[in-house]
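>>> What follows is a predicted structure for the sequence shown.
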Amino acid sequence: MRLLFTGYTQSSDFRCPQAWLGRISFYTGILEALAEDHAVCSVEHIGWSGRVERGSVQYEFLPLGPLARRLPLRKHRFMRNWRPDAVLLNGFHHPLQLLQLRQALGPAPKLLVLHRADRPFRGLRRRLQQEAARQVDGWLFTARAQAAAWIEAGIIRDESRVHEVIQASSRFVPADRGAARAALGVEGAPLCLWVGRLDANKDPLTVLRAFAGFQAQCPGARLYLVHQSRELLPALQELLAQHPAAAAAVHFVGPVPHAALETWLNAADLLLSGSHSEGSGIAVAEAMSCGCIPLVTDIASFRRMTGSLVPRYPPGDAGALQQLLAQSISWDHGPLRAGLVREFERELSFGAIARQINHLLGSG
């Protein structure tokens, strides 16, 4: 089959195709795995125009100017000429463009939407989504429960078209924990890691409150925060001022190159997350691929990813996370880490995701 992946978001800050493909490596690995059985093309939108072949995948870079973002005629002409059997769209926040795409392609190709943590619009824009949804042949969510809001909004009318497909994976592999800690110059018993933005949805305040309570019981514990934004940093620092003992055990690392996360996740015992909502959970997939134990919230995507391997806690409940941290001390980490890696390979790896999509397409 001929599979074409695309979206309608312009990322003009990127002007180097290799840098962009490195940035979305959690996604391109899926395309490369599918390319073992199919012809695969991805249309990308950065501040560069051209074509790149990588991992048997054709990447077509077509910048979208202000007008082309609303009327992507050139893009749709390319897609029609490529003659896909199926088009997989990243997100459903451009319903007008989807309607134009169906008109350009005709009725034959399947249109499948990959859920990207987007939510139903309101008002007139929701009506446009409802109309565009009539052209969609399948809806791919990390967890089926994530479709509930779209069904309630009257956008998804046929629940049989909802499918569970993991949205992102990891290229990281397990490595020696001692060597990883020595390379970073870090320590902790346990060593806890945060990866993500410091925003309200990720909820680092709940995580920090839980860690402060836990650290009072377990003085050897350390928390390192690898973060890409600073929205709640002042509030976090204010919280730590009230817990001086915990403050000495908390380290704000800031942003690091994505490749460096592999060493951090192999160094850590536990990955902590406070997310209230996630489309999938890239950091969780990366943690599991390294055998780092995720202590995460009980949301749909994390339930799908971690299964029964580790307990979860209600979003916003610092007391429940503190209890999990205390319980984790008595866990047998060796077999648990190995089990996480096995589960990752079986359900979350690029090959596993490709098998899910192949099954959906009826070709595997």
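Cool, the structure landed.
>>> Show me where the chain has its strands.
2-6, 39-44, 50-54, 57-61, 86-90, 110-114, 138-141, 162-164, 191-195, 222-226, 250-252, 270-272, 293-295 (DSSP state E).
>>> list the helices and strands the first one packs on?
Packing contacts for strand 2-6, counted by 3 or more CB pairs under 8 Å, 6 or more residues apart in numbering; DSSP states H and E, involve strand 39-44, helix 73-82, strand 86-90. For glycine as for every other residue, the C-beta is placed from the backbone atoms N, C-alpha and C.
>>> okay, the closest residue to residue 298 other than its chain neighbours: pLDDT?
Among residues not flanking residue 298 along the chain, residue 312 sits closest, at 3.9 Å (CB to CB, 6 or more residues apart in numbering). As predicted, residue 312 sits at a pLDDT of 98.
>>> Pretty sure residue 302 is one of the things residue 312 touches, is it not?
Yes. With contact defined as CB atoms under 8 Å, residue 312 counts as touching residue 302 (6.2 Å).
>>> Give the intersection of the neighbour lists for those two.
residue 296 (CB atoms under 8 Å, 6 or more residues apart in numbering).
>>> Neighbour count: the two, which is higher?
Each of residue 312 and residue 302 has its neighbours counted (other CB atoms under 10 Å); residue 302 has more, 23 against 18.
>>> pretty sure the more buried one is touching residue 282, no?
No. Distance between residue 302 and residue 282: 11.9 Å, which falls outside the contact criterion (CB under 8 Å).
>>> remind me which residues of the stretch 201-350 of the chain are low pLDDT?
Within the stretch 201-350 of the chain, no range satisfies pLDDT under 70.
>>> Run through the helices of it in chain order.
Counting by DSSP state H, counting those that start in this stretch, the segments of the stretch 201-350 of the chain that form helices are 204-217, 233-241, 244-247, 261-267, 282-290, 300-306, 318-328, 333-343, 350-361.
>>> Would you convert the helices and strands packed on strand 2-6 into a markdown table that also reports distance to residue 139?
Listed next are those as a markdown table, based on distance: least, CB to CB, whole Å:
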| stretch | distance to residue 139 |
| --- | --- |
| strand 39-44 | 20 |
| helix 73-82 | 20 |
| strand 86-90 | 10 |
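>>> Residue 11: which of these is closest?
strand 39-44 (8.2 Å; CB to CB).
>>> which strands and helices sit next to that closest one?
strand 2-6, helix 25-34, strand 57-61, helix 73-82.
>>> Repeat the analysis, applying 10 Å as the threshold.
Packing contacts for strand 39-44, counted by 3 or more CB pairs under 10 Å, 6 or more residues apart in numbering; DSSP states H and E, involve strand 2-6, helix 17-23, helix 25-34, strand 50-54, strand 57-61, helix 73-82, strand 86-90.
>>> on that earlier part again, got the helices of the stretch 201-350 of the chain as a markdown table, with distance to residue 28 columns?
Output for the helices of the stretch 201-350 of the chain, formatted as a markdown table (distance: least, CB to CB, whole Å):
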| stretch | distance to residue 28 |
| --- | --- |
| helix 204-217 | 29 |
| helix 233-241 | 31 |
| helix 244-247 | 39 |
| helix 261-267 | 16 |
| helix 282-290 | 13 |
| helix 300-306 | 20 |
| helix 318-328 | 33 |
| helix 333-343 | 22 |
| helix 350-361 | 9 |
